[in-house]
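>>> Show me the folded form of this:
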Amino acid sequence: MTAAENVCYTLINVPMDSEPPSEISLKNDLEKGDVKSKTEALKKVIIMILNGEKLPGLLMTIIRFVLPLQDHTIKKLLLVFWEIVPKTTPDGRLLHEMILVCDAYRKDLQHPNEFIRGSTLRFLCKLKEAELLEPLMPAIRACLEHRHSYVRRNAVLAIYTIYRNFEHLIPDAPELIHDFLVNEKDASCKRNAFMMLIHADQDRALDYLSTCIDQVQTFGDILQLVIVELIYKVCHANPSERARFIRCIYNLLQSSSPAVKYEAAGTLVTLSSAPTAIKAAAQCYIDLIIKESDNNVKLIVLDRLVELKEHPAHERVLQDLVMDILRVLSTPDLEVRKKTLQLALDLVSSRNVEELVIVLKKEVIKTNNVSEHEDTDKYRQLLVRTLHSCSVRFPDMAANVIPVLMEFLSDSNEAAAADVLEFVREAIQRFDSLRMLIVEKMLEVFHAIKSVKIYRGALWILGEYCSTKEDIQSVMTEVRRSLGEIPIVESEIKKEAGELKPEEEITVGPVQKLVTEMGTYATQSALSSSRPTKKEEDRPPLRGFLLDGDFFVAASLATTLTKIALRYVALVPEKKKQNSFVAEAMLLMATILHLGKSSLPKKPITDDDVDRISLCLKVLSECSPLMNDIFNKECRQSLSQMLSAKLEEEKLSQKKESEKRNVTIQPDDPISFMQLTAKNEMNCKEDQFQLSLLAAMGNTQRKEATDPLASKLNKVTQLTGFSDPVYAEAYVHVNQYDIVLDVLVVNQTSDTLQNCTLELATLGDLKLVEKPSPLTLAPHDFANIKANVKVASTENGIIFGNIVYDVSGAASDRNCVVLSDIHIDIMDYIQPATCTDAEFRQMWAEFEWENKVTVNTNMIDLNDYLQHILKSTNMKCLTPEKALSGYCGFMAANLYARSIFGEDALANVSIEKPIHQGPDAAVTGHIRIRAKSQGMALSLGDKINLSQKKTSI
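Below you'll find the model as predicted:
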């Protein structure tokens, strides 16, 4: 066994830079030194023994000169020393000197000082020699009656470990501890005694619990936790006992200790699936989340609620508690809020949607008044998306939500405003009844919009959905207001010229014309000093965007003006009004074109935008029915198709989710009746305490047996050849943040190999935790060596090394066998994840490491190749299935994954099938990978290249 597998009680950290002292100097200090020097010498001896030194000559010296001392520090150090020192001869018999030590400890167990008694009892828990413990038994029993609780509770622990390891030394331990428990008053002593009875004699523990079951809520929290554990274990093994203890668990939900409440709620859910029990447990969880200050605790308890929701029978119970769950939103942490909103959205139904929307509206308004904080914007986005989802699922709610959300179109945070805009676009298309309301509200906030992207979207919505004469005229008024004085070029030149002559300027136009293009004042006069703080931002918004050189918004405006002008012509019969409106629209487009070609904007207009505006001018000058159809019908139809495809996809994913959760029972499945089930069949459900213990130790049982390909044999790597003197192979067990190498070493020679050592080194972000200890291998013998490697990030790691050994009786140098490299597969750390298109684009822009992989495969089908890449990289395809369906000779898809260390990995697949090379032509193209760290980008690229080679002939 390696040091990692041995039971370890003592860990001492020491600096290794000092020279180890000699045995003679240590002996001298221990014999003749004062208490201080003896203490230091004893510390050095302990460290040397821990490092593998034997020091047999010092044992008698310590017994003679150090053991009789009464100093507390020395006594504490001696406990550590006796724990680690070898107590037996090489043939396994107890050393004679240990009789003297045993007598010293018998005296310590009768010492008047309670600390010495208690710490000695703690030490006895670690002894594994029955011959040493036997003479001490009367003294240990006597300690159960000591006046001090520290001694009594350690005496219980000592009796428990001795009973567990050597039952013959104290066969009546359960009876003794039961009598002790009945009369004991101290909470820690009762807890230790009760815990011993649970593990040593469950029936006695139950007898005791049944006598005091009504007083359980008055006990200390440490004892309550042990009682919860006992009830869980008893009911897990024997479900007929449930009725007897369920009232006790209900009472423990009211405990003052959060830990007891959490365990009691978890136990109650496993004991009963009655709606009242589920409601009580869920209520308890919600109280814990609200009252606990630690965000990690909040997230863990939220996970318990999510697990409850996964059970179809429990979901309805939780739906009644949605308003309580929303109380968690008072937590400032974004991650907790995110999980809470997702849970609330999953539980929303027609019964509670109205209340949910009211709370969310209040939360949205609250975020408006909070001083700007990094997370406030993100939280607002989350709320907007949640309200969006509610309105889509429950259309009646949209009318309440839209007026509140549309206030945020003028928000300085573009991301939140973009989410609102997306929601408004969907609502105005889906809900005809709300169109008037949305258009009216949009016209109200239009002038306050600060972001050019939002401005473009708002223009499109107004152009598409203004259907009355009044609305169309209102849009034109807003556009004129937003554009300022026209023609733009002339007014801007006048403004600049006016700034050079301030007297004229004051009489001619507003004070804002005093500002130059650079945002500074040309001159300052007494007459203009009444408004000295006018800045460039005082320009109307649209005019500002255009002068900044953003002409894409001008192209959007041209389309909007064309749509409303064509609609106005259809609505108003008078020719004069028609011509006047169309001429005004054409004037606006012409003045923007003129501005784009002038030198006033910071950037000139692009050819694409010129083409678009020119096309709109041509359409308005001709007013053909075909163009009227394209502008006013086809655009809306394409939006409608996109939204219906999106809705269909959402419904499909929800259906898949519900299918997963619905427990289907086949017609010929056997029905199990609890009363008729044999006792041994009851244990089909896993023991939660056992599972959590295994998880803490890193021994979680993976479901590998179901898939033979995922069995252990697949992960065995051969390290040496069959003809080498030492054969080695390793099983690589990946367990989240660490890797365990289980190396089988076989001596294939007829010699004894001494000091056979596995020497390992790592490359990449891996770190060897400990050096494996040397072995001695008999002829044709084998042994297992374990080595632990810590992993810090997702990148390709390599473990390499060799096995060195001495041949018994040979005079030659040490022999060495070089091992093959072990490549650590990053796929064990990468998990498929999902994100929105906006988040994907933002990360794509932010991540600085890119790895471009050229497609090199013999696959001839684009979709097959994409599926192969998804399978080999563990990534998730974000591009919807509908966008990938059909066949057109090329394909583009976005992939996303996240590592267990929280690193994001993005990939864009752009592939095509060269048709001119015939039907059997292989897929060509590129895969671009982006990640925050270089290692992640390179590792994924290597993985793709490797998987491509495997598919090649």
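>>> Ala783 falls within a strand, correct?
Yes. With DSSP: H, G, I helix; E, B strand; the rest coil as the criterion, Ala783 is assigned to a strand.
>>> who's it bridged to?
In this entry, Ala783 is beta-bridged to Val745, by DSSP bridges.
>>> Let me know how buried it is, in neighbour terms.
The number of residues packed near Ala783 is 14, by other C-beta atoms under 10 Å. Any C-beta I mention is one placed from the backbone N, CA and C, and that applies to glycine too.
>>> Also Glu648?
Using other C-beta under 10 Å, Glu648 has 12 neighbouring residues.
>>> Please export the C-alpha coordinates of the one helix or strand Asp103 maps to as PDB.
In this structure, Asp103 sits in helix 98-108 according to DSSP states H and E. Only the C-alpha atoms of helix 98-108 are listed here, as PDB (Å, rounded to 0.1, in the frame of the first residue of the first chain):
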ATOM      1  CA  MET A  98       6.400  -1.700  25.200                       C
ATOM      2  CA  ILE A  99       5.400  -3.300  28.600                       C
ATOM      3  CA  LEU A 100       7.100  -0.300  30.300                       C
ATOM      4  CA  VAL A 101       5.200   2.100  28.000                       C
ATOM      5  CA  CYS A 102       1.900   0.300  28.800                       C
ATOM      6  CA  ASP A 103       2.500   0.800  32.500                       C
ATOM      7  CA  ALA A 104       3.200   4.500  32.000                       C
ATOM      8  CA  TYR A 105      -0.100   4.900  30.100                       C
ATOM      9  CA  ARG A 106      -2.000   3.100  32.800                       C
ATOM     10  CA  LYS A 107      -0.700   5.800  35.200                       C
ATOM     11  CA  ASP A 108      -1.700   8.600  32.800                       C
END
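>>> Next secondary structure element downstream of it?
Following helix 98-108 toward the C-terminus (DSSP H and E): helix 114-124.
>>> Distance from that next one to the middle of the chain?
44 Å (C-alpha atoms, centre = their mean, to the nearest Å).
>>> same check, this time on stretch 124-134
Averaging C-alpha positions (C-alpha atoms, centre = their mean) puts stretch 124-134 46 Å from its chain's average.
>>> can you check stretch 729-749 too?
Distance of stretch 729-749 from the chain centroid (C-alpha atoms, centre = their mean) equals 29 Å.
>>> Stretch 237-251 now?
35 Å.
>>> where along the stretch 401-550 of the chain do the helices fall?
For the stretch 401-550 of the chain, applying DSSP state H, counting those that start in this stretch gives helices covering 414-430, 435-445, 452-465, 469-483, 488-500, 502-508, 541-547.
>>> The stretch 551-700 of the chain too?
Going by DSSP H, counting those that start in this stretch, the stretch 551-700 of the chain shows helices at 552-571, 575-597, 607-622, 625-629, 635-661, 688-697.
>>> Quickly compare those helices and say which is most buried.
helix 552-571 (a mean of 22; mean count of other C-beta atoms under 10 Å).
>>> what helices or strands is that one leaning on?
helix 452-465, helix 469-483, helix 541-547, helix 575-597, helix 607-622, helix 625-629 (3 or more C-beta pairs under 8 Å, 6 or more residues apart in numbering; DSSP states H and E).
>>> which residues does the closest residue to Ala155 other than its chain neighbours contact?
Closest residue in space to Ala155, ignoring its immediate chain neighbours: Cys143 at 3.8 Å, by C-beta to C-beta, 6 or more residues apart in numbering. By C-beta atoms under 8 Å, 6 or more residues apart in numbering, the residues touching Cys143 are Leu109, Arg117, Leu121, Val151, Arg152, Asn154, Ala155, Ala158.
>>> on that earlier part again, closest one to Leu760 among the helices of the stretch 401-550 of the chain?
Ranking these by proximity to Leu760 (C-beta to C-beta) places helix 414-430 first, at 47.9 Å.
>>> Go ahead and list the helix or strand containing Ser391.
For Ser391, the host element (DSSP H and E) is helix 374-393.
>>> what's the angle from that helix to helix 414-430?
10 degrees (axes from the mean of the first three to the mean of the last three C-alpha atoms, to 10 degrees).
>>> need the helix or strand of the protein with the lowest average pLDDT.
helix 502-508 (a mean of 36; mean pLDDT, DSSP states H and E).
>>> Count residues in the vicinity of Lys190, would you?
Lys190 sits with 25 neighbouring residues when counted by other C-beta under 10 Å.
>>> quick one: it and Val182 touch, right?
No. Applying C-beta atoms under 8 Å, one finds Lys190 not in contact with Val182, separated by 9.9 Å.
>>> what's the distance between Val452 and Phe551?
Val452 sits 11 Å away from Phe551, taking C-beta to C-beta, to the nearest Å as the criterion.
>>> Let me fix that, I meant to ask about Glu490.
Counting by C-beta to C-beta - Glu490 and Phe551 are separated by 19 Å.
>>> Among those two, which residue is more densely surrounded?
Phe551 (25 against 13).
>>> Phi and psi next, for that one.
phi -90, psi 0 (degrees, to the nearest 10).
>>> same check, this time on Leu906
Torsion angles, degrees, to the nearest 10, at Leu906: phi -120, psi 150.
>>> What sits closest to it if chain neighbours are left out?
Using C-beta to C-beta, 6+ apart, the nearest residue to Leu906 is Arg930, at 4.6 Å.
>>> Can you give me the buried ones in the host helix or strand of the one you found?
If you go by DSSP H and E, Arg930 is part of strand 924-931. For strand 924-931, a neighbour-count test (16 or more other C-beta atoms under 10 Å) marks Thr924, Gly925, Ile927, Arg928, Ile929, Arg930, Ala931 as buried.
>>> just stretch 273-280 next, same as before
Buried-residue list, stretch 273-280, by 16+ other C-beta under 10 Å: Ala277, Ile278, Ala280.
>>> Repeat that for stretch 471-487.
Asp471, Ile472, Ser474, Val475, Met476, Glu478, Val479, Ser482, Leu483, Gly484, Glu485, Ile486.
>>> mind listing what the second one touches?
In this case it means Ile472. Cys466, Ile564, Arg567, Tyr568, Leu571.
>>> repeat that with 7 Å
Cys466, Ile564, Arg567, Tyr568 (C-beta atoms under 7 Å, 6 or more residues apart in numbering).
>>> Quick check: the gap between the first one and Lys575.
Yep, that's Cys466 we're talking about. 22 Å.
>>> cool, the third one as well?
According to C-beta to C-beta, Arg567 stands 16 Å off from Lys575.
>>> Likewise for the last one?
From Tyr568 over to Lys575 the distance is 12 Å, taken as C-beta to C-beta.
>>> And Thr267, by the same measure?
Counting by C-beta to C-beta - Thr267 and Lys575 are separated by 83 Å.
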